[in-house]
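A.B. asks: have a look at this prediction, sequence included:
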Amino acid sequence: MVDQTTNGGPATLPAAISIEETLARIENEIDHLTALTDPETLTGWDAPTVTRLADAHTRIRRLTGRLDGVRYTLLPRIENEGSWRSGGAARTFTTWLRLREGISASTAGKDMTIARRLATALPVTRERLVAGTLGVDHARVMTEVAPTSETRTDALAWLIDTRTGHTTTPEQFVQSVAVDFPDPSEDPDGARTRELVTQVLEGAVADGTLTTGEGVVLREANVLNADQFRKVARRFATITDPDTDDLDDDKAAQGEFLDLAKTFGGYHVAGFLTDEHGLQLTTAINAVMGAPSAEDTRTTTQRRAQGLADVARVVLDTNQASPGAAIAPHLNVTVSWNEFVTQVTRTRDGLCLTCGQATPGLSSRIGTASTSTASTVSASTAGTATESGFLSSGGPVFTETGGRAPRALVRRLACHSAVTRIVFGPDGAVLDVGRAQRTVSGQMRRAVIARDQHCVYPGCDQPPSRCEVHHALTHWADGGDTSVTNSALLCWYHHQLVDAKGITMHWTGKPATNTTAGALLETGWAFTDARGHRIRLPEPIEAPGTDQATEPPSSVEADRPAGRTWRDPTRLIRLPSPPDHLTRQPRLIG
């Protein structure tokens, strides 16, 4: 049945007489909405425009938020009534809710936390959520951050005079307003006086002159998104009760842990860090990650994993952990000399990089090697082989764990590591230990740094502190000499990439001048992939008709959308000190 409005407006439904009837109407209208937005309709010739769909999505989100507000209003009433206890199926209301509605335990727990806090500590938040003037995400922020201690819950109800920014009481506020109160003789029962006081207080609340601690926080929800609003709520919590923050910090510090466990194919990492330590680690990882270079197709999480390993490598390479130790901490790889030469001269297909045969010949080199703080190769020579055939070599392994060392790592270590020759006797006793020697001396590395300045892979600008010296023209295992001419700086990631992908390098010379401002400079080294294709720098992007070299950058103000108010969420709240009656006793107890 449909009624017409008296002023000739659109038809409206009559007022519902029960919750059930209202819900039936909502369900019926949702069915209509579903029919209007099914995939066939949205792709048809008369489909609504994207603008209409975007507006509809915004309204649907607001409506679902209002329904959530209604739902949060019902839950405490159902819990307090107590009939859910009948039958003894559930010992707690959260368990009863989970079983009745088939939701997860975490969802039921979050719903009840929000509903209880809205009912007891955040009445204005609940009203605005139900009215649709406050988003559900903003309401969740309030329930998660604001009433998290008894002091903060009390602070949400403080009366604050926004003219002065100080807490007040109804009596104090009325005395600060010019009101012509009647003479006591003319108002013996005080009825007119009480009426005037009520009018003054209601008017002050209506125009925002008088508000609560909750209202001070909520007024920023109109101009901030949920993430920014969380900073405001956190600021409120810190100002009103810093002692609880200190307790939370202590709990977080006690809960810190880091698990690093060897598993199939690598290591599993899990842990929890405090804000301070997490930020320190994030800053260090971001510092060594830098911007992705040309042709770097790794995801952000993959680059972050490499960044964590690079942080450890920087500490070991610079010997920051134990500067007074006779032998700096480093990574050890143990491999027989013959297997070492075989590994570094063999591709992933098992073919020799030099001759192309399936079984590479052994090199005539002796055990000269390079050195690095972070990694060392121990090339062992057994006096008597205990196994025969292909089992005699065993392959390269990490000395500390016995796990297999990747072939790409062994090839990289052959460029920039220390090799120590160790001779074992038939009974496994050490007969001789040679000195670890450097293939890249300090003077040679300085010369390579002076020429290359950074990683020479196209588009990469990692500094020398995060680079290794690579045998560029001819690999060490292929007879390449250790010289400045045959050396180039490659960062740890690109050194591994060049060795693993069969990328070759040759010197072309640096350009005399650079005519394009902002373009990446040629380093003098040319790279060719395994298919013979040149790996080049990306072309600089210029807007048509503009000169990037002379056009000044746009200002921050010019980039801001017109009519948008920009505010710092961390500086929005300026709450006063709590009233004396809320703080005097705790201070005296100490």
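C.D. replies: Everything's here; your move.
A.B. asks: contacts only, for the nearest residue in space to Leu159 that is not next to it in sequence.
C.D. replies: Spatially, and ignoring its direct neighbours in sequence, Leu159 is nearest to Thr168 (5.3 Å; C-beta to C-beta, 6 or more residues apart in numbering). C-betas here are computed from N, CA, C, even on glycine. The contact partners of Thr168, by C-beta atoms under 8 Å, 6 or more residues apart in numbering, come to 159-161, 176, 210.
A.B. asks: so where's the stretch 251-400 of the chain shaky on pLDDT?
C.D. replies: 293-295, 319-331, 337-395, 399-400 (pLDDT under 70).
A.B. asks: show me where pLDDT drops low in the stretch 401-550 of the chain?
C.D. replies: 401-405, 407-441, 476-477, 512-521, 538-550.
A.B. asks: any chance you could map the strands in it?
C.D. replies: Here the stretch 401-550 of the chain has its strands, by DSSP state E, counting those that start in this stretch, at 418-424, 430-433, 467-471, 487-491, 504-507, 525-528, 534-535.
A.B. asks: which elements pack onto the last one?
C.D. replies: Applying 3 or more C-beta pairs under 8 Å, 6 or more residues apart in numbering; DSSP states H and E, one finds that strand 534-535 contacts strand 525-528.
A.B. asks: other residues contacting the strand it packs on?
C.D. replies: 452, 456-458, 472, 488, 498, 503-508, 534-535.
A.B. asks: can you add distance to Ala47 and neighbour count and give the contacts of Thr168 back as CSV?
C.D. replies: Converted to CSV, these look like this (distance: C-beta to C-beta, whole Å; neighbours: other C-beta atoms under 10 Å):
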residue, distance to Ala47, neighbour count
Leu159, 53, 20
Ile160, 51, 21
Asp161, 54, 18
Ser176, 60, 14
Leu210, 51, 23
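A.B. asks: pLDDT check: weakest of those?
C.D. replies: Scanning the contacts of Thr168 for pLDDT, the low point is Ser176. It has 83.
A.B. asks: from the contacts of Thr168, which two are the most distant?
C.D. replies: Comparing all pairs in the contacts of Thr168 by C-beta to C-beta, the longest separation belongs to Ile160 and Ser176, at 13.0 Å.
A.B. asks: now the helices for the stretch 401-550 of the chain?
C.D. replies: Applying DSSP state H, counting those that start in this stretch to the stretch 401-550 of the chain gives helices spanning 407-415, 442-452, 492-501.
A.B. asks: mind listing what's buried along the longest helix seen in the chain?
C.D. replies: Assignment by DSSP state H gives helix 50-81 as the longest helix of the chain. By 16 or more other C-beta atoms under 10 Å, the buried positions in helix 50-81 come out as 65-66, 68-69, 72-73, 75-76, 79.
A.B. asks: can you give me the end-to-end span of stretch 35-47?
C.D. replies: 12 Å (C-alpha to C-alpha, to the nearest Å).
A.B. asks: er, stretch 462-471 actually
C.D. replies: 18 Å.
A.B. asks: what sits up against it?
C.D. replies: With C-beta under 8 Å, 6+ apart, stretch 462-471 has contacts from 288, 290, 310, 313-314, 317-318, 372, 412, 414-416, 440, 444-445, 448-449, 452-455, 480, 482, 486-492, 495, 498, 505.
A.B. asks: for stretch 47-65, same thing?
C.D. replies: So stretch 47-65 is contacted by 37, 41-42, 129, 132, 134-136, 139 (C-beta under 8 Å, 6+ apart).
A.B. asks: all strands of the stretch 201-350 of the chain, in order?
C.D. replies: 210-212, 257-263, 266-272, 331-336.
A.B. asks: list the helices and strands the third one packs on?
C.D. replies: So the one you mean is strand 266-272. So strand 266-272, by 3+ C-beta pairs under 8 Å, 6+ apart, packs with strand 257-263.
A.B. asks: just to revisit the earlier point, deepest of the helices of the stretch 401-550 of the chain, which one?
C.D. replies: Most buried of the helices of the stretch 401-550 of the chain by mean neighbour count (mean count of other C-beta atoms under 10 Å) is helix 407-415; its value is a mean of 23.
A.B. asks: Met142: how many residues sit nearby?
C.D. replies: Number of residues near Met142 (other C-beta atoms under 10 Å) recorded here: 30.
A.B. asks: number of residues surrounding Arg298?
C.D. replies: Neighbours of Arg298 using other C-beta under 10 Å come to 12.
A.B. asks: ok, so of the contacts of stretch 47-65, who is nearest Glu220?
C.D. replies: Leu134 (11.4 Å).
A.B. asks: in which helix or strand does the residue lying closest to that closest one once chain neighbours are set aside reside?
C.D. replies: Distances taken as C-beta to C-beta, 6+ apart place Arg128 nearest to Leu134, at 3.7 Å, with adjacent residues excluded. Following DSSP states H and E, one finds Arg128 within helix 123-131.
A.B. asks: show me what that helix is packed against.
C.D. replies: Using 3+ C-beta pairs under 8 Å, 6+ apart, helix 123-131 is in contact with helix 50-81, helix 105-120, helix 136-145, helix 213-218.
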